[in-house]
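Asker: Provide a 3D model corresponding to the input given below.
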Amino acid sequence: MNSLIRHKGWTWGFRSTVVLYFVILIVLPILGVYYNSFSSGLGSFTESVSDPIAWKSVLLTLKLAVIAAITNVLLGTMIAWVLIRYKFRGRALLNSLVDLPFALPTAVGGLMILLLLGPGSLIGGLAESLGFTIVFHQPAIVIAMVFVTFPFVIRAVQPLLEELDASEEEAAYTMGAKPSRVFFQVILPSMAPGMIGGGMLAFSRALAEFGAVVLVAGNIPGRTLVSSVYIFGEVESDNPAGAAAVSIILLTLSFLILWLISLMQMRGRRS
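Answerer: Residues are numbered from 1 along each chain as shown. Okay, here's the model as predicted:
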């Protein structure tokens with residue numbers, strides 16, 4: 001009996017700790033952002049969101065995040081395919097490097113892009129000789145977003161490729177199907193959930209990226225000023241309500257994306 005009581009007490013304490021941790025570190029900060037957004041009334045919130053600079057930064061962020069997510073879906077799927085389907089020297093090292101953006105501070109990633117593509121670099125100098133600049137323009141922002149979201153699609157597609165039954169491919173080849181048809185009708189449908197889920201996570205992560213983007217983005221509204229840099233500027237200008245108003249747009253989009261991913265996973269389990 002005593003051991004049972006101790007067991008129940010330990011379980012209750014563990015659950016309480018987890019809930020408390022979740023509330024303090026996640027729920028309360030999110031509620032604080034929403035509270036600050038509407039603390040001055042709905043009119044103030046509408047005014048902050050309808051500011052041309054604010055909504056231009058949101059639209060630019062959405063556009064660049066979509067480009068980064070699509071790029072990651074294409075590149076991530078190909079890299080996952082190579083890592084699973086081919087054996088070569090250095091594969092284990094390459095597989096471990098996939099998670100480098102997760103372990104590396106995003107500011108360091110932005111500095112790497114700045115040094116690699118900046119005006120004083122070989123690539124940056126070559127780009128300038130051709131008449132365009134990479135850093136402090138939209139291409140550099142997309143590259144920074146792709147870098148920080150690089151592992152999502154790869155890690156989502158890899159287990160699906162590992163679980164793919166080879167007999168299905170063999171049966172398709174035995175029936176005379178061409179490699180392209182086997183890929184699009186047998187392999188691609190199996191990878192699709194990982195591609196879609198990983199792409200949505202990459203998009204959600206790219207929306208809020210700051211550390212890598214701030215070093216390579218500019219401050220031109222509608223061209224190089226993304227939402228995270230705009231929010232930082234509003235905080236520095238002592239306008240937390242304006243920063244919070246744009247923040248809840250990004251938060252709401254992230255919630256919707258996570259809800260869609262959860263819905264897809266639930267439907268996948270049922271099927």
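Asker: could you pull out the helices for the stretch 51-200 of the chain?
Answerer: Per DSSP state H, counting those that start in this stretch, the stretch 51-200 of the chain has helices spanning 52-85, 91-97, 100-103, 106-117, 122-129, 138-148, 150-163, 166-174, 179-182, 188-207. These are given in chain order.
Asker: need those helices in CSV with mean neighbour count, can you?
Answerer: Placement of C-beta: from N, CA and C, glycine included. Converted to CSV, the helices of the stretch 51-200 of the chain look like this (neighbours: other CB atoms under 10 Å):
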stretch, mean neighbour count
helix 52-85, 19
helix 91-97, 11
helix 100-103, 12
helix 106-117, 18
helix 122-129, 12
helix 138-148, 24
helix 150-163, 20
helix 166-174, 12
helix 179-182, 12
helix 188-207, 20
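Asker: out of those, which comes closest to Pro221?
Answerer: Smallest distance to Pro221 across the helices of the stretch 51-200 of the chain (CB to CB): 4.6 Å, for helix 52-85.
Asker: what does the average pLDDT come to for the closest one?
Answerer: For helix 52-85, the per-residue pLDDT values average out at 93.
Asker: Equivalent analysis for stretch 91-103, please.
Answerer: On average, stretch 91-103 scores 90.
Asker: got TSV for the helices of the stretch 51-200 of the chain, with distance to Gly233 too?
Answerer: Putting these into TSV (distance: least, CB to CB, whole Å) gives the following:
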stretch	distance to Gly233
helix 52-85	9
helix 91-97	34
helix 100-103	25
helix 106-117	17
helix 122-129	25
helix 138-148	16
helix 150-163	27
helix 166-174	53
helix 179-182	49
helix 188-207	17
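Asker: Please identify which of those helices is closest to Tyr230.
Answerer: helix 52-85 (4.1 Å).
Asker: which sections of this structure are below the confidence cut-off?
Answerer: 1-10, 268-271 (pLDDT under 70).
Asker: 80 instead, please
Answerer: Counting by pLDDT under 80, the chain shows low-confidence ranges at 1-15, 33-34, 36-45, 48-50, 165-170, 172-173, 176-177, 262, 264-271.
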